[in-house]
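[1] Sequence first, predicted coordinates after that:
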Amino acid sequence: MFTHSVDPAWFPTCAVFDCDGILIDSERSWNAVQKQIFKEYGTELTPDIERQLVGAAAPAVARTLADKTLPNDATETAEEHYQKILHHLMSVEHDVIRDGVQLIPGAREVMALLAEVMPVAVASNSSQELLTYKVNHHQYSQYLQTWVGSDAVAQPKPAPDMYLEAIRRLGGNPADTLTFEDSATGTRAAQTAGTVTMVYTQDIEHAPAAQGHFDSFRDEKFLTQIKRWIELYREHHPNL
């Protein structure tokens with residue numbers, strides 16, 4: 001299913017993809033890891049906290065857990081406790097990716113279509129180091145001009161910083177940028193940046209507000225629209 005409210009005359013001049021949940025199906029594995037780590041520290045990842053942390057950067061997850069579990073015996077400072085948890089989380093996250101996650105079906109093909117005619121980037125709440133590993137390991141980097149991790153900007157998503165930085169690197173304008181997101185956190189970042197956002201979701205009824213929603217990169221209506229935007233781009237760039 002694909003729905004959108006984009007002006008028929010509009011077309012993108014660049015595109016920016018989120019990574020986890022858009023390019024690789026790591027969200028479910030990462031969620032299970034988070035639950036286990038919360039349990040290891042003697043607390044529970046409640047449904048409310050889980051919803052708040054969907055799409056959040058590792059520092060935000062670590063801060064939430066650290067605030068809930070600071071030891072009463074003062075054997076370490078709050079900052080030491082946070083740094084220990086952050087190091088643990090980032091190490092485990094790298095292991096999850098290394099051990100294997102599935103690609104989101106059709107995402108790479110859509111990225112390749114867009115990359116044939118316009119500059120493409122990735123903006124992710126992963127660290128720059130981990131994001132570099134992800135796009136290289138899963139063979140997305142060949143289609144990208146750049147990628148922006150959470151530690152490459154002042155604030156991670158839901159702030160718009162990394163989308164604005166990615167668009168700046170691509171030489172584009174936010175209003176002419178097509179973005180792909182799956183979480184409320186990321187969608188807020190993309191929308192605040194002023195982009196035209198397509199939200200990938202299996203629950204369109206409860207998805208965050210955006211200009212478009214789709215449940216498969218292989219949906220025929222969605223692909224038709226992607227190809228139409230590419231046609232419009234080519235019409236306005238006849239020297240391609």
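    Thanks, I have it.
[2] What are the phi and psi values at S127?
    With angles defined as degrees, to the nearest 10, S127 sits at phi -60, psi 160.
[3] Would you mind confirming that it is in contact with G149?
    Yes. Between S127 and G149 there is a contact under CB atoms under 8 Å: 5.1 Å. Where C-beta positions appear, they are placed from N, C-alpha and C, glycine not excepted.
[4] Could you tell me which residues touch both of these two?
    Any residue near both S127 and G149 by CB atoms under 8 Å, 6 or more residues apart in numbering counts here, and not one turns up.
[5] Alpha carbons of the host helix or strand of L130, as CSV, please.
    Here L130 is covered by helix 128-137, with elements defined by DSSP states H and E. Extracted as CSV, the C-alpha positions of helix 128-137 are listed here (Å, rounded to 0.1, in the frame of the first residue of the first chain):
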residue,chain,number,x,y,z
GLN,A,128,29.9,7.5,12.0
GLU,A,129,32.2,4.5,12.5
LEU,A,130,29.3,2.0,12.8
LEU,A,131,27.4,3.6,9.9
THR,A,132,30.5,3.3,7.7
TYR,A,133,30.7,-0.4,8.5
LYS,A,134,26.9,-0.9,7.8
VAL,A,135,26.9,0.9,4.3
ASN,A,136,30.1,-0.9,3.3
HIS,A,137,29.3,-4.3,4.7
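[6] Next one: V122 from L45, what distance?
    Taking CB to CB, to the nearest Å as the measure, V122 falls 27 Å from L45.
[7] T146 is in contact with Q128, correct?
    No. Look at Q128 against T146 with CB under 8 Å: they stay out of range, at 10.9 Å.
[8] In this protein, what residue spans correspond to strands?
    Secondary structure of the chain by DSSP state E: the strands cover 2-4, 14-17, 120-123, 146-148, 177-181, 196-200, 212-214.
[9] As JSON lines, the ones you listed with mean pLDDT and distance to D161 would be great.
    Listed next are these as JSON lines, based on pLDDT from 0 to 100; distance: least, CB to CB, whole Å:
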{"stretch": "strand 2-4", "mean pLDDT": "96", "distance to D161": "26"}
{"stretch": "strand 14-17", "mean pLDDT": "98", "distance to D161": "13"}
{"stretch": "strand 120-123", "mean pLDDT": "98", "distance to D161": "9"}
{"stretch": "strand 146-148", "mean pLDDT": "98", "distance to D161": "9"}
{"stretch": "strand 177-181", "mean pLDDT": "98", "distance to D161": "14"}
{"stretch": "strand 196-200", "mean pLDDT": "98", "distance to D161": "16"}
{"stretch": "strand 212-214", "mean pLDDT": "98", "distance to D161": "23"}
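[10] and the residue lying closest to A184 once chain neighbours are set aside, what is it in contact with?
    Leaving aside its sequence neighbours, A184 sits nearest to P208 (CB to CB, 6 or more residues apart in numbering; 4.5 Å). Contact partners of P208, counting by CB under 8 Å, 6+ apart, are 183-184, 187-188, 199.
[11] try C19
    122, 124, 126, 131, 134-135.
[12] which residues of the protein score low on pLDDT?
    Within the chain, the set of residues satisfying pLDDT under 70 comprises 26-31, 51, 53-57, 72-74, 93-100, 240.
[13] Quick one: the helices in it, in order.
    27-40, 47-53, 58-69, 78-99, 107-115, 128-137, 161-170, 184-192, 220-236 (DSSP state H).
[14] and of those helices, who's closest to V6?
    helix 220-236 (8.1 Å; CB to CB).
[15] Tell me how many other residues surround the residue nearest to T177 when sequence neighbours are not counted.
    Once flanking residues are discounted, T177 sits nearest to T195: 4.4 Å by CB to CB, 6+ apart. For T195, the neighbour count with other CB atoms under 10 Å is 30.
[16] so T195 touches T179, yeah?
    Yes. Distance between T195 and T179: 4.3 Å, which falls inside the contact criterion (CB under 8 Å).
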